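Q: Quick check, what structure comes out for this input:
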Amino acid sequence: MEQTRRTVIALGFFDGIHLGHQALLRRTVERAEEYDMTPAVFTFDRSPKAMVTGRDIPLLTTPEQRIAIIHALFPIREVIVAPFDREMMTMDWRDFVDMLAGRFHAGWLVAGHDYRFGHKNSGNAALLRQRAAELGLGCDIIPPVLAEGELVSSTRIRALLEEGRREEARRLLGHDLPIGE
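A: Okay, here's the model as predicted:
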């Protein structure tokens, strides 16, 4: 019986695949090469924030566009697009990490400094690192990525685009958005 290869899983929503996301994905690929694991991404089919708050949040990219950009920029072998449904929304943060370790064969997790997960965002980067250690997994937390002294974020990029500052948004993305955006 063939054993399933362990994965290094990048965690996030990855809207736009901006410079901060790229730092996280770069580390994922590095760890996968270092430990002979499969580089993977775990993301959701819809914005968790939109579902939880009930507010419409305009996105920079569709799930299909996110996958295409990830594959164009990095040798990520697997992109897991999970449904963000009621079950996922109410999952305990510990159960979420356990699911990554069990169902998705995580050997290492990579997340941003501000990563929140689990029911009512009760999980954070410190708890992710703690639970990963309890399960025998590696875990990297990527520090904030700044551009011109400000945090690179999808929210900031959306605001720049709304103001018509497309070139500034492009610098924070590190690539052009898909046609039609």
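
Q: now what about the lowest-mean-pLDDT helix or strand in the chain, what contacts it?
A: Using mean pLDDT, DSSP states H and E, helix 48-53 stands out as the lowest-scoring helix or strand of the chain, at a mean of 84. With CB atoms under 8 Å, 6 or more residues apart in numbering as the test, helix 48-53 has contacts from 13, 55-57, 84, 89. Any C-beta I mention is one placed from the backbone N, CA and C, and that applies to glycine too.

Q: Tabulate the CA atom coordinates of that helix in PDB.
A: In PDB, the C-alpha atoms belonging to helix 48-53 read as follows (Å, rounded to 0.1, in the frame of the first residue of the first chain):
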ATOM      1  CA  PRO A  48     -15.500  33.900   5.000                       C
ATOM      2  CA  LYS A  49     -15.900  37.500   6.100                       C
ATOM      3  CA  ALA A  50     -18.800  38.000   3.700                       C
ATOM      4  CA  MET A  51     -20.600  34.900   4.900                       C
ATOM      5  CA  VAL A  52     -20.100  35.700   8.600                       C
ATOM      6  CA  THR A  53     -21.100  39.400   8.400                       C
END
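
Q: tell me what the very next helix or strand once past it is packed against?
A: Of the helices and strands lying after helix 48-53 in sequence (DSSP states H and E), the nearest is helix 63-73. Other elements packing on helix 63-73 under the criterion 3 or more CB pairs under 8 Å, 6 or more residues apart in numbering; DSSP states H and E are helix 19-35, strand 38-44, strand 78-82.

Q: can you give me phi and psi for I141?
A: phi -110, psi 120 (degrees, to the nearest 10).

Q: Residue nearest the middle of this protein, spatially speaking?
A: The centre of the chain sits closest to G12, judged by CA atoms, centre = their mean, with a distance of 2.0 Å.
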